[in-house]
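>>> what shape does this take:
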Amino acid sequence: MSDINNLHNAEEVNKKDLNTENAELSKNEATSESTPQPIEETSTLDEEVVNENNEQVKEVEATENVEDEVINEIEESNAEDAEDEGNKERHTIAVKEYDSMSLEALAIELEKLLKNEKVQAIKSHVDNINNAFKSKFQALIDEKKEEFINEGGHEIDFYYSSPVQKRYKSAYRDYRKKLNDHYQNLEKNLKDNLTQKLEIIEELKGLINVEENINSTYKHFKELQERWRNTGPIPRDKYNNAWNSYHHHVEMFYDFLHLNRDLRDLDFKHNLDKKLKIIERAEDLAKDDNVLRAFRELQELHKMWKEELGPVGKEHREVIWEKFKAATKVINDKRQVYFKEIDKVYEINLDKKLEIIAKIEAISTQENGNSHNAWQKKIKEIESLRNDFFNAGKVPIKVNESTWAKFKEAVRTFNRQKNTFYKNLKKEQYTNLQKKLELIKIAEDNKDSDDYSAITPLMKKIQSDWKRIGHVPRRDSDKIWKQFKTACNYYFDRLHASRNAENKDTLEAFNKKNDLLNSLKDLKLEGSKEENIKSIKDSINQWKSIGRIPNDKKYIEGKFQKTIDTLLSSLKMDKNEVEMIKFENKLDSINTSQDNRDLDNERNFIRKKIDEVKGKINQLENNLQFFTNVDESNPLVKEVHNNIKAHEESLRLWKSKLQKIKELY
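Residues are numbered from 1 along each chain as shown. All right, here's what the predicted structure looks like:
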């Protein structure tokens with residue numbers, strides 16, 4: 001007989017049993033209905049009582065339905081565990097916030113589960129990890145694709161992979177292979193075990209109404225029970241039917257044992273004691289604060305009740321089952337409260353995620369800031385919000401897909417706007433590219449020039465122009481910058497090499513001037529006026545003949561001027577004569593520069609001073625007109641004349657200086 005036929009026959013036995021009970025019930029109902037009843041008038045109050053009773057019946061039925069759902073849930077879970085013992089361990093594996101993990105952390109977590117846990121126990125964990133990884137990696141791909149398109153690439157050419165993706169795929173393939181191998185090995189064992197259990201049921205059937213010593217039959221029955229318990233797991237979809245059939249025939253056997261009530265009652269008492277202890281343990285679990293742990297142990301208690309223990313006396317069956325169901329309901333009610341609290345957290349997480357989505361949408365609608373920097377700021381804000389979204393935690397399952405869809409649409413809307421901006425920006429970038437290519441041509445055309453005085457300002461200018469030109473397409477940016485930088489560096493390296501050669505001479509000149517300056521500090525002017533002037537002028541001429549010095553050593557010129565001024569001041573000479581010698585020395589210093597700007601500035605300064613002195617003389621002469629009737633010996637008049645004379649002398653000095661400058665042009 002096939003496995004399916006055996007199960008079918010077992011189910012038929014159950015149906016026959018139920019049909020017999022229904023027939024008896026119908027018979028009683030029929031007897032009740034056939035008995036004439038007195039006809040009474042019904043009142044409104046009676047209708048209300050009936051309605052109230054109906055409502056109470058509905059409430060009881062609803063409660064029973066909930067209890068049945070819990071029992072069914074426990075039985076389905078036990079059926080799953082019964083199919084494969086390793087499934088039990090799934091309850092002890094910690095559930096982590098996979099949504100908030102990074103891609104790398106998800107890959108590492110999958111590898112750890114594969115290494116440390118049984119493959120059949122991690123299915124729900126792997127499913128959650130896989131969903132989180134796929135969502136996050138798809139978001140990353142969308143981002144990379146947007147960047148690729150923004151840089152001028154075509155969508156059809158886009159391809160992206162990463163080491164973390166390869167690592168995760170490798171681990172996930174290992175998981176699928178291990179799981180498939182496990183189920184392939186398990187499948188044959190499940191079928192074999194099912195065959196054995198159906199054979200046990202058939203043997204149980206054969207024990208009823210056998211004509212042999214009841215003690216031998218009972219011993220055979222106990223052997224069949226032991227074989228049933230020792231037979232391994234069977235397919236979960238066959239579990240409940242097989243057990244119900246087995247349990248039904250066990251009860252039928254005990255009913256058959258009425259001929260030997262002692263044996264039956266001994267078993268009933270043993271089973272009753274065990275089941276009362278299970279009820280006691282369930283009632284203790286109802287007080288446990290760890291509701292999930294309590295519910296998991298409750299599942300084990302139901303499994304023991306169902307699989308390991310036989311029936312009890314009929315007078316106790318309903319009573320103890322109702323007590324066990326009552327304890328089960330208390331534990332389940334606490335579990336429902338626990339899940340409601342979790343749901344509240346999930347609702348809070350949902351509010352957070354919806355708020356994040358609203359912020360993303362708000363950024364997309366912002367009018368202000370239509371520049372590259374403004375968009376870069378927006379992109380960073382969106383990236384931060386994306387991370388916040390992934391780290392916000394789980395939301396209720398019923399809105400998980402819709403929330404994820406809203407989030408993706410909000411991000412995509414932003415990306416579309418960003419793409420539009422950067423596509424328009426590309427036109428400007430290509431214009432900038434052409435401008436920079438022109439600067440590269442100028443740099444390369446002039447990099448070998450030896451006309452440093454003319455080309456150096458040009459090279460500095462194109463470097464400044466390069467900085468002012470905006471962005472170019474990213475794929476060209478590094479290439480043209482290296483090309484431009486190479487040309488400029490080549491020119492300036494040549495310039496610096498040339499200057500280094502000059503610097504060697506100028507440094508030598510500085511050392512000579514420094515020696516001369518030190519000798520002048522110790523110079524003693526002991527000759528005649530003419531000899532001393534000649535000595536000072538010789539020193540000045542010697543200073544001039546030494547030549548140029550480094551720009552960073554120019555301070556020595558000021559020291560030399562002060563030293564000469566000190567020497568001249570020590571001579572008993574006309575003030576203007578000393579001033580002209582100093583001025584000539586200053587002119588010599590100014591005239592050594594490569595351009596005439598300093599000389600021009602000095603000439604303009606002297607002309608301005610001449611005009612100022614002339615103005616003062618004219619003002620003083622105008623003031624004298626107010627003293628027409630005043631004697632020349634008047635102190636005020638004398639002071640004005642003295643001032644005019646001093647200004648005229650100063651004017652002659654300034655004119656002499658101007659003449660000296662003119663001789664240099």
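
>>> for residue 365, phi and psi?
phi -90, psi 0 (degrees, to the nearest 10).

>>> for residue 165, see how far away the closest residue in space to residue 301 that isn't next to it in sequence is.
Nearest in space to residue 301, with sequence neighbours left out and distances taken as CB to CB, 6 or more residues apart in numbering, is residue 278 at 5.0 Å. From N, CA and C alone the C-beta is placed, and that goes for glycine too. As judged by CB to CB, to the nearest Å, residue 278 and residue 165 stand 50 Å apart.

>>> hang on, the earlier thing: tell me which element the residue nearest to residue 301 is part of?
Using DSSP states H and E, residue 278 sits in helix 261-285.

>>> same check, this time on residue 584
Counting by DSSP H and E, the element that carries residue 584 is helix 575-590.

>>> quick check: mean pLDDT across that helix?
Average pLDDT, helix 575-590: 75.

>>> name the helices or strands packed onto the helix or strand hosting residue 661?
If you go by DSSP H and E, residue 661 is part of helix 635-663. Contacts defined by 3 or more CB pairs under 8 Å, 6 or more residues apart in numbering; DSSP states H and E place helix 635-663 against helix 575-590, helix 597-624.

>>> that one: which residues count as buried?
637, 640, 644, 647, 650, 651, 653, 654, 657, 658, 661 (16 or more other CB atoms under 10 Å).

>>> again, but for stretch 450-464
455, 459, 462.

>>> stretch 137-151 now?
Going by 16+ other CB under 10 Å, stretch 137-151 has these buried residues: 137, 139, 140, 141, 143, 145, 146, 147, 148, 149, 150.

>>> hmm, residue 169 and the first one touching each other?
So that's residue 137. No - judged on CB atoms under 8 Å, residue 137 makes no contact with residue 169 at a distance of 10.1 Å.

>>> for the stretch 151-300 of the chain, what spans make up the strands?
Per DSSP state E, counting those that start in this stretch, the stretch 151-300 of the chain has no strands. Nothing in it meets that criterion.

>>> run through it and note the low-pLDDT ranges.
Applying pLDDT under 70 to the stretch 151-300 of the chain flags the ranges 151-152, 209-212, 257-263.

>>> with the chain instead?
For the chain, residues meeting the criterion pLDDT under 70 lie at 1-68, 70-92, 150-152, 209-212, 257-263, 368-369, 502, 589, 591-595, 628-630.

>>> point to the residue nearest the middle of it.
Of all residues in the chain, the one closest to the mean position by CA atoms, centre = their mean is residue 387, 4.5 Å from it.

>>> just the element for that one, please.
helix 372-390.

>>> how about residue 393?
Following DSSP H and E, one finds residue 393 outside all helices and strands.

>>> list the contacts of it.
Contact partners of residue 393, counting by CB atoms under 8 Å, 6 or more residues apart in numbering, are 97, 99, 100, 345, 346, 349, 352.

>>> narrow the residues you listed to those that are buried.
Those of the contacts of residue 393 that meet the buried threshold are 99, 346, 349, 352, by 16+ other CB under 10 Å.

>>> by contact count, what packs against the helix or strand that the helix holding residue 387 is followed by?
Note on helix 372-390: by DSSP H and E, the next helix or strand toward the C-terminus is helix 397-446. Helices and strands touching helix 397-446, by 3+ CB pairs under 8 Å, 6+ apart, are helix 123-150, helix 314-364, helix 372-390, helix 452-468, helix 474-521.

>>> ok, which of these comes nearest residue 296?
Each of the helices and strands packed on helix 397-446 has some distance to residue 296 by CB to CB; the shortest is helix 314-364, at 10.3 Å.

>>> rewinding a little: and the angle from the helix holding residue 661 to helix 597-624?
Here the directions of helix 635-663 and helix 597-624 differ by 160 degrees (axes from the mean of the first three to the mean of the last three CA atoms, to 10 degrees).
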